[in-house]
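Engineer: Sequence and predicted structure, then a few things I'm wondering about:
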Amino acid sequence: MSHYGNLQKIRDGKRKFGITPHIPGGFISPDNLEKIAKVARKYNGVLKITSGQRILITNLEESDLPAIWEELGMVPAVKTQNSVKNVEMCPAGFCKRAKHNTIGMGMRLSRKYHWAEMPCRTKIGVAGCRNACGSVYSKDVGVIADKTGIMVTVGGSAGYNPRLADVVAVDLDEKNAEKLVDTIFDYYKEKAEDGEKLGFFVDRIGIDNFKKEVLERAGLEVKNEEK
């Protein structure tokens, strides 16, 4: 049985593990924050705030993982490799720079897609302005608000093969932006090869073909070039 622990660096033959509880959008309640601190203190854990808006608890013994998860009462952020691993979002509703409060849309996407199986590991980014905090342009799918509407991007990656995302559509409302995201994921799951990142899939078929297909499938007649 998996206890959702990742083997960390082995030193002098000693195996230590890390776990990462799910923290939707990086917004955590005081109660859950206290639970994480209590567990880390009890089991000699080391806390690391990750780039994915989570808190990693590392330096743990494998035998302690079942008890730790039970005491936390939380679920793991990642359950399978080829799935939606992150839905990262900025604090748009609390930020003076935001052009639109995208937190609600981000949370809906998180509830719908977090842990969803995909051809390859996948990340979603949501931001309330073109500053795109959270590195949205490096995410597989991005949703970015602007003064005139919402932009949807695809194909970003900050990993071993970095790739800047392509803009698929601009000036959308929330409903059509979410509809387009749904269409992008449906098309990706239908046509991509196993293990093929979304950006690699876009490069293989061509961004113009990708845009044309997903916009037609979504029934959208929108300006599909960035302003």
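Structural biologist: Thanks, I have it.

Engineer: Show me the strands in the chain, by range?
Structural biologist: Using DSSP state E, the strands of the chain run over 6-7, 17-19, 46-49, 55-60, 84-89, 122-127, 141-146, 149-154, 166-172.

Engineer: now do the same end-to-end measure for stretch 130-139.
Structural biologist: By Cα to Cα, to the nearest Å, the extent of stretch 130-139 from end to end equals 14 Å.

Engineer: go on, stretch 105-121?
Structural biologist: One end of stretch 105-121 to the other measures 21 Å (Cα to Cα).

Engineer: what's in contact with it?
Structural biologist: 22, 24-25, 78-85, 87, 89, 124, 126, 143, 174, 177-178, 181, 185, 188-189, 192-198, 201 (Cβ atoms under 8 Å, 6 or more residues apart in numbering). The C-beta positions use only the backbone N, C-alpha and C, and glycine is treated the same way.

Engineer: ok, now with 7 Å
Structural biologist: With Cβ atoms under 7 Å, 6 or more residues apart in numbering as the test, stretch 105-121 has contacts from 24-25, 79-85, 87, 89, 124, 126, 143, 174, 178, 181, 188-189, 192-197.

Engineer: Just the buried ones among these, please.
Structural biologist: Restricting the contacts of stretch 105-121 to buried positions leaves 25, 83-85, 87, 89, 124, 126, 143, 174, 178, 181, 188, 192, 196-197, with burial counted as 16 or more other Cβ atoms under 10 Å.

Engineer: Quick check: which ranges of the protein have low pLDDT?
Structural biologist: 1-2, 222-227 (pLDDT under 70).

Engineer: can you tell me which helix in it is longest?
Structural biologist: helix 174-191 (DSSP state H).

Engineer: Could you list the buried residues of it?
Structural biologist: 174, 176-185, 187-188.

Engineer: Next, the angle from that helix to strand 141-146.
Structural biologist: 160 degrees (axes from the mean of the first three to the mean of the last three Cα atoms, to 10 degrees).

Engineer: Packing partners of helix 174-191?
Structural biologist: Applying 3 or more Cβ pairs under 7 Å, 6 or more residues apart in numbering; DSSP states H and E, one finds that helix 174-191 contacts helix 103-113, strand 141-146, strand 149-154, strand 166-172, helix 207-218.

Engineer: Can you show me the CA trace of it as CSV?
Structural biologist: What follows is helix 174-191, C-alpha atoms only, in CSV (Å, rounded to 0.1, in the frame of the first residue of the first chain):
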residue,chain,number,x,y,z
GLU,A,174,-15.3,33.1,-17.2
LYS,A,175,-17.8,30.6,-18.7
ASN,A,176,-16.1,30.5,-22.1
ALA,A,177,-12.6,30.4,-20.6
GLU,A,178,-13.5,27.3,-18.5
LYS,A,179,-15.2,25.8,-21.6
LEU,A,180,-12.0,26.3,-23.6
VAL,A,181,-9.9,24.7,-20.8
ASP,A,182,-12.3,21.7,-20.8
THR,A,183,-12.0,21.4,-24.6
ILE,A,184,-8.2,21.6,-24.4
PHE,A,185,-8.0,18.8,-21.9
ASP,A,186,-10.5,16.6,-23.9
TYR,A,187,-8.5,17.1,-27.1
TYR,A,188,-5.1,16.5,-25.3
LYS,A,189,-6.4,13.2,-23.8
GLU,A,190,-7.9,12.1,-27.1
LYS,A,191,-5.0,12.8,-29.4
